[in-house]
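Enquirer: pasting a predicted model and its sequence here:
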Amino acid sequence: MSTSKGKQAEEQTAFDAVMPVIADLLEQGTRAFALEKWEDAIDHFGQMASITEEAFGSESPRYADALVMYGRALLQHAIEQNALLAQKTLAEAAAGIKPGDQQQAGEDEQVPVKANIKFEGEPDFRQIEELESGGGKAATTAKTKGKGKGKEPEDGDENEDQDEEQDGGDDGAEQEGEDEAEEEEEQDDFGAAWDVLDLARVIQSKATDSRSQLKYAETLMLLGDVSMESENFAQAVSDYSQALEVKLQFLQDDDRELAEIYYKVALAHEYNQDTNKALVLMGDVQRILTNRLGKSEGDEKQSLEEVLDDVKSKIDEWKTPQKKVDLNEMTKEEALLAEKAKEILAKALEEGKINDITNL
């Protein structure tokens, strides 16, 4: 009996010692996330996840919660890096620079964009929620591997001309390797976010109570966000659809969260070239929001009306196929206007005035 009590006392002492550390990391990580300092958030949440795993075990719901926060920070960092790369590519294209023509100099002057998981025209469903409310396994998984450089030319009997030719080839290969490394790093970032969130998904899927299942659905939605950002739209359809199935079991018919997930599933279908299915799901979004609108008033009612307008605009857009522009058929005036727009775009990109790359 005394042995059992002694063991419990030791466990309580360990718990009391570790909780302040976890609480401090949580506070620092949350602050960094709010300030969009993704790397700091990754560091704090990564440490928190490792400590939580050691203290509570790899199957603990606490560990799963820490992984979700960690994975969300990894995802936001990946989105930011992806947007910066897109910004650089667009700027080079607008300036008529081909890939490999520009060296790395000046890249540090890129203006960071605000990272958010919103594809073009996506309504802000969560804004309504804010109005109502008043408002180490994982760490190892997320590390990206360093990229090695090409081999150095070996000393030998080569003459100077051959050396110069080799040097020129190495410069081109080095630039090409840097471009490939950037793309690989981007994929590593998204891959790290996926691995961490998928581990949380596995843990959360074993719980059966409503609160845990809704957390599980939120993690599935984050996985869907990773898939969308990675342009793996078929996987996004699967992730979002699973989240929808879970939420349908526990949420009211007019819950705004259902409208949000229906919209995400619809968007994934649209990007996956299944417009008919997307339009059917958008009908569900309209139905839920309309029902909710009838029971709302004040700020929430105004916000719902705005979201409904966005949804209707998106439906009209999907019903009307966009006409492709044939540049060869442009008039002289249209060509001059296009050239002027190109210059404006190049200047705006250079000055960092275009931030939301997903809307281009």
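Expert: Perfect, thanks for sending it.

Enquirer: show me where the stretch 1-150 of the chain dips below the pLDDT cut-off.
Expert: Applying pLDDT under 70 to the stretch 1-150 of the chain picks out residues 1-11, 13-14, 92-150.

Enquirer: what about the helices in it?
Expert: Here the stretch 1-150 of the chain has its helices, by DSSP state H, counting those that start in this stretch, at 2-34, 38-56, 61-94, 125-133, 137-142.

Enquirer: how about these in a markdown table, adding distance to Ala193 and mean neighbour count?
Expert: From N, CA and C alone the C-beta is placed, and that goes for glycine too. Below are those laid out as a markdown table (distance: least, Cβ to Cβ, whole Å; neighbours: other Cβ atoms under 10 Å):
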| stretch | distance to Ala193 | mean neighbour count |
| --- | --- | --- |
| helix 2-34 | 14 | 12 |
| helix 38-56 | 10 | 22 |
| helix 61-94 | 4 | 22 |
| helix 125-133 | 20 | 15 |
| helix 137-142 | 8 | 19 |
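
Enquirer: reformat the ones you listed as JSON lines; add distance to Ile261.
Expert: Shown next, in JSON lines, are the helices of the stretch 1-150 of the chain (distance: least, Cβ to Cβ, whole Å):
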{"stretch": "helix 2-34", "distance to Ile261": "22"}
{"stretch": "helix 38-56", "distance to Ile261": "24"}
{"stretch": "helix 61-94", "distance to Ile261": "17"}
{"stretch": "helix 125-133", "distance to Ile261": "9"}
{"stretch": "helix 137-142", "distance to Ile261": "26"}
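
Enquirer: which stretch among those comes nearest Lys215?
Expert: helix 61-94 (7.4 Å; Cβ to Cβ).

Enquirer: what helices and strands are in contact with that closest one?
Expert: Packing partners of helix 61-94 (3 or more Cβ pairs under 8 Å, 6 or more residues apart in numbering; DSSP states H and E): helix 2-34, helix 38-56, helix 137-142, helix 160-204, helix 210-229, helix 332-350.

Enquirer: tell me who's in contact with Ala64.
Expert: 200, 203-204, 215, 219 (Cβ atoms under 8 Å, 6 or more residues apart in numbering).

Enquirer: skipping adjacent residues, who's closest to it in space?
Expert: Residue nearest to Ala64 in three dimensions, not counting chain neighbours: Ile203, with 4.0 Å by Cβ to Cβ, 6 or more residues apart in numbering.

Enquirer: which residues touch Gly224?
Expert: Gly224 touches 235-236, 239-240, 243, 264, 268, counting by Cβ under 8 Å, 6+ apart.

Enquirer: I'd like the distance between the closest residue in space to it that isn't next to it in sequence and Met228.
Expert: Nearest non-adjacent residue to Gly224, counting by Cβ to Cβ, 6+ apart: Asp239, 3.5 Å away. Using Cβ to Cβ, to the nearest Å, one gets 9 Å for the distance from Asp239 to Met228.

Enquirer: the two: which has the busier surroundings?
Expert: Each of Asp239 and Met228 has its neighbours counted (other Cβ atoms under 10 Å); Asp239 has more, 27 against 22.

Enquirer: right, and the residue nearest to Gly224 touches Glu218 too?
Expert: No. The criterion here is Cβ atoms under 8 Å, and Asp239 misses it with Glu218 at 11.5 Å.

Enquirer: before we move on, back to that, which of the helices of the stretch 1-150 of the chain sits closest to Leu337?
Expert: helix 61-94 (15.2 Å).

Enquirer: in what helix or strand does the nearest residue to Thr290 once chain neighbours are set aside lie?
Expert: Setting aside the residues directly before and after it, Thr290 is nearest to Leu308 in space (Cβ to Cβ, 6+ apart), at 7.0 Å. According to DSSP states H and E, Leu308 maps onto helix 298-319.

Enquirer: helices and strands around that helix, which ones?
Expert: On a contact count with 3+ Cβ pairs under 8 Å, 6+ apart, helix 298-319 meets helix 125-133, helix 256-271, helix 275-294.

Enquirer: how many residues are close by Met220?
Expert: Let me fix one detail, which is that residue 220 is Leu and not Met. Close neighbours of Leu220, defined as other Cβ under 10 Å, add up to 26.

Enquirer: again with the one 10 residues further on
Expert: Number of residues near Ser230 (other Cβ under 10 Å) recorded here: 19.

Enquirer: surely it touches Phe190?
Expert: Yes. Taking Cβ under 8 Å as the definition, Ser230 is a contact partner of Phe190 at 4.9 Å.

Enquirer: show me the shaky parts of the stretch 201-350 of the chain.
Expert: Low-confidence segments of the stretch 201-350 of the chain, defined by pLDDT under 70, are located at 322-330, 332, 334, 343, 345-350.
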